[in-house]
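Asker: Dropping a prediction and its sequence here:
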Amino acid sequence: MSHRILVTGATGHIGRELVRRLQQQRADCAVLVSPSGRTVPGVLGVEADFADPASLARAFKGFDTLFLLLPLVPEKLALARNAVNAARAAGVRHIVRSSAAGADAGSPVAIARLQGQIDELVQTSGLGWTLLRPSFFMQNWVNYHGEQLKAGAWHAPTGNGAIGVIDVRDIADSAAAVLADPAAHAGRSYTLTGAEALSNAQQLAAISEAAGRRIDYVDVPESAAEAAMLGMGMPAPVIEWFMSLHHVVKQGWAAGLSDDVQALTGHAPRRFLDFVAENAGAFR
C-alpha cells in the first residue's frame, strides 16, 4: 500500500526538523508551499493557499497522510476547516495534527479552546487522525526573544509558573515516528513535553550561565504585556491567545510532564541545559 506524506508548515520550527527526519528515513513526502512562500531544497513542493479550499483539494490529491500545522493567524479556525474539508475531498486517509498541550474545545482559556476546536474538526472528519500536543518550545528563546536577552532582561506576566519546555527536535522525532506508521497511532492523542518543568526565571538563570552575563526575568503586569503587543500591531485575537498562554503559565497549568516522547521515539526528551549549551552563542 502506498504511503505518501504531505507536510504543511514545512519552513517553520517543527516542519524544518520534521522534513529532515523524513528525508533521512527516505519517506515518500512532499511539502505544501504557499504561492509566495519558500520551497524546501530537495523536496517536492506542492502549491496551495489555506484560504483557498479548491487549491488545497488539488494539492492534497494523491497523498495518504497529511501532517497539519497551521499558522497562528486570526483566521486559524477557518483555515483549519478548509484544510480538513479538502483532505476529505482529496481522499487523504489520515491527518496527523500539530496541536498544543491543554487543547480543549470547552476550555475558558482562549488558546486552549481554539486548539481544541481545531482538534475536534480533525477528530470528526471521518478520517484517521492522531493529535500531537507539544508544550512550549525551548527554541523560542533563540527564535523570538533574542533582542530582549541581549538587552539583559526578558519581560512577561508569567509569575513563577513552571513549564514542561520541549526541544523542537523531540517534537519532530515524535511526529516522524507517527508518520512512519499512522495506522498504529490512529485515534491517539500525545502530549509532548520535556523531562523537567522549569519557570522562566530558572530557564533564564541557565541561559545567563551559558552567556556569561546576567539576564533577568521581569514579571510584568498583564496590562503592560497587552499594551506592548498592541504597540507592535498584533491583531486582537492573537493578543488574546498570547495573553491566555501567559495566564496558563502563571497559574502553573503548564508544569505537567508526559512520557510520550520516550514512548514514541525510544529516547528521553532533550534537557534544557543541553539546549542552552548548544545555543550559548545566541545568548551572548
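Answerer: Looks like it arrived, so ask away.
Asker: going forward, measure contacts and count neighbours with C-alpha atoms only.
Answerer: Noted.
Asker: who touches A175 in this structure?
Answerer: L18, V96, L132 (C-alpha atoms under 8 Å, 6 or more residues apart in numbering).
Asker: For the first one, give me its contacts.
Answerer: Right, the one you point to is L18. When contacts are counted by C-alpha under 8 Å, 6+ apart, L18 is found next to A10, R169, A172, D173, A175, A176.
Asker: give the contact list for the first one.
Answerer: Contacts were defined as C-alpha under 8 Å, 6+ apart; by that measure A10 touches R16, L18, V19, V31, L32, V33, V40.
Asker: Identify those among the residues you listed that sit within helices.
Answerer: Secondary structure of the contacts of A10 is defined by DSSP state H; positions in helices are R16, L18, V19.
Asker: how close does the residue nearest to the first one when sequence neighbours are not counted get to L32?
Answerer: Leaving aside its sequence neighbours, R16 sits nearest to A10 (C-alpha to C-alpha, 6 or more residues apart in numbering; 5.3 Å). For A10, the distance to L32 (C-alpha to C-alpha, to the nearest Å) stands at 7 Å.
Asker: And W141, by the same measure?
Answerer: According to C-alpha to C-alpha, W141 and L32 sit 27 Å apart.
Asker: neighbour-wise, which of the two wins?
Answerer: When W141 and L32 are compared on other C-alpha atoms under 10 Å, the one with more neighbours turns out to be L32, at 28 against 20.
Asker: Give me the pLDDT value at the more buried one.
Answerer: Per-residue pLDDT puts L32 at 97.
Asker: S2 now?
Answerer: Per-residue pLDDT puts S2 at 62.
Asker: dump the residue contacts of the closest residue to K61 other than its chain neighbours.
Answerer: With C-alpha to C-alpha, 6+ apart as the criterion, K61 has its nearest non-adjacent residue at 4.8 Å, and that residue is A90. The neighbourhood of A90, defined by C-alpha under 8 Å, 6+ apart, consists of A57, R58, F60, K61, G62.
Asker: Could you measure from G12 over to N140?
Answerer: Counting by C-alpha to C-alpha, the gap between G12 and N140 amounts to 12 Å.
Asker: mind saving the C-alpha coords of stretch 221-229 as PDB?
Answerer: Output of stretch 221-229 as PDB, limited to C-alpha atoms (Å, rounded to 0.1, in the frame of the first residue of the first chain):
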ATOM      1  CA  PRO A 221       1.600  43.300  34.900                       C
ATOM      2  CA  GLU A 222      -0.700  41.700  32.300                       C
ATOM      3  CA  SER A 223      -1.800  45.200  31.300                       C
ATOM      4  CA  ALA A 224       1.800  46.100  30.400                       C
ATOM      5  CA  ALA A 225       2.200  43.000  28.300                       C
ATOM      6  CA  GLU A 226      -1.000  43.600  26.400                       C
ATOM      7  CA  ALA A 227      -0.100  47.200  25.800                       C
ATOM      8  CA  ALA A 228       3.300  46.100  24.400                       C
ATOM      9  CA  MET A 229       1.600  43.700  21.900                       C
END
